[in-house]
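J.: Here is a sequence together with a model predicted from it:
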Amino acid sequence: MTREAAIRPRSRYARLCSDDGSALPLFLFGFAFLISTALVVATASGSLLQQRRLNGIADTLALAGANYSLQLLSKTSQKGAATLAPEPDASVDEFMTKLQGNLYPNSQITIAGLTAVDPGEVRLRICQPNNALFARLAAKSEVCANSAAKAIATPPSVR
Amino acid sequence: MKPSGEKVSGIGSAGASEAGNIAIELVVLGILLPTLLVGFALNLLSAQRSALAAQQLAREAVRMSAIGMWNGKTSELLRGAIADDLGIDSSDVSIEVVQDQRSSLTVATSTARVNGRVERARMVVQ
């Protein structure tokens, strides 16, 4: 065999079928894949945790808001201030904003949507910047949670 | 004797060539590092699981406290249930609920600790 024939490039098929070559790129790729997968799973898990935490906060705020809304209604029918209000004549919106600041200071939670459907019924959406690992790199990534609550007036006989 | 100018050793040539022991690559990059990484990931997931359990415990406790159903027996039941779910000793699970006055509101705050992970929940007492 001549020297020219020996160094002639092999066809792509022949290269794929042979075992020649370093396994290092394969290992490095696998390692990088494992690291990125672990980071993605950690980020997703952190976001889920934050979302569940926000769900609890949304439930708390919605329940208190619904209760306050019902008290406002009873205040108009009976004389007397709503006992939950930080200020006697605060609206449901003002009450919720103050309550959120009071219960969760410095949490960067914002009330993205608040609907007082009927007296005693509140629908709420709150958001918070996503503090998971990868999500901080994104320009604007938020975790949000919705909740709805309806307060039921207790009959005087069971109070 | 090798021809002059042809080197077969040295860091540069070894890095560029495909010569070497595949066993070292296999053990270090194929087994050791992935094992460490999987161990790290499992540890992380275990911590997240504990955090989720702590969060659930804190939420349940604060809800029961807000409606006046929180007592020592309930606390023991919840702690036992969480410990059974996670397969850990109930001494690794603790829960504390306090009620305090904030302006005109009575607020219940629960602090749950599961395997060292601490979560808090708050609720206005009805």
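T.: Ah, there it is.

J.: For the residue of chain A found nearest chain B, which non-adjacent residue is spatially closest?
T.: Among all residues of chain A, A:Phe27 sits closest to chain B, at 3.7 Å; criterion: C-beta to the nearest C-beta. Any C-beta I mention is one placed from the backbone N, CA and C, and that applies to glycine too. Distances taken as C-beta to C-beta, 6 or more residues apart in numbering or on different chains put B:Leu29 closest to A:Phe27, at 3.7 Å, once the chain neighbours are dropped.

J.: how close does the one you found sit to A:Ser36?
T.: B:Leu29 sits 16 Å away from A:Ser36, going by C-beta to C-beta, to the nearest Å.

J.: Then B:Leu37?
T.: For B:Leu37, the distance to A:Ser36 - C-beta to C-beta - is 11 Å.

J.: quick one, which of these two is more surrounded?
T.: Between B:Leu37 and A:Ser36, B:Leu37 has the larger neighbour count (other C-beta atoms under 10 Å in any protein chain shown), namely 15 against 11.

J.: what residues are up against the more buried one?
T.: Contacts here follow C-beta atoms under 8 Å, 6 or more residues apart in numbering or on different chains; on that basis B:Leu37 touches A:Phe31, A:Leu34, A:Ile35, A:Ala38.

J.: so what pLDDT did it get?
T.: pLDDT, B:Leu37: 82.

J.: swap in A:Ala32?
T.: At A:Ala32, pLDDT is 87.

J.: can you count the residues close to the residue of chain B found nearest chain A?
T.: Going by C-beta to the nearest C-beta, chain A is nearest to B:Leu29 of chain B, at 3.7 Å. Using other C-beta under 10 Å, B:Leu29 has 17 neighbouring residues.

J.: got it, and A:Pro105?
T.: Number of residues near A:Pro105 (other C-beta under 10 Å) recorded here: 8.

J.: Over to it: give its phi and psi.
T.: phi -70, psi 150 (degrees, to the nearest 10).

J.: Let me see the contact set for it.
T.: Applying C-beta under 8 Å, 6+ apart, no residues qualify as near A:Pro105.

J.: which residues of the chain score low on pLDDT?
T.: Assuming you mean chain A. A:1-12, A:14-16, A:75-89, A:135-139, A:154-159 (pLDDT under 70).

J.: Chain B, not that one
T.: Low-confidence segments of chain B, defined by pLDDT under 70: B:1-19.

J.: residue boundaries of the strands in it?
T.: B:93-102, B:105-114, B:117-124 (DSSP state E).

J.: Reformat those as CSV; add distance to A:Pro129.
T.: Listed next are these as CSV, based on distance: least, C-beta to C-beta, whole Å:
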stretch, distance to A:Pro129
strand B:93-102, 25
strand B:105-114, 23
strand B:117-124, 19
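
J.: about what we covered before: near the residue of chain A closest to chain B, how many other residues are there?
T.: Neighbour tally, A:Phe27, other C-beta under 10 Å: 18.

J.: Would you mind giving the secondary structure of it?
T.: With DSSP: H, G, I helix; E, B strand; the rest coil as the basis, the three-state label of A:Phe27 is helix.

J.: Spatially nearest residue to residue 102 (excluding sequence neighbours)?
T.: With no chain named, the answer covers chain A. Closest residue to A:Asn102 in three dimensions, ignoring its sequence neighbours and counting by C-beta to C-beta, 6+ apart: B:Arg102, at 5.5 Å.

J.: Good, wrapping up.
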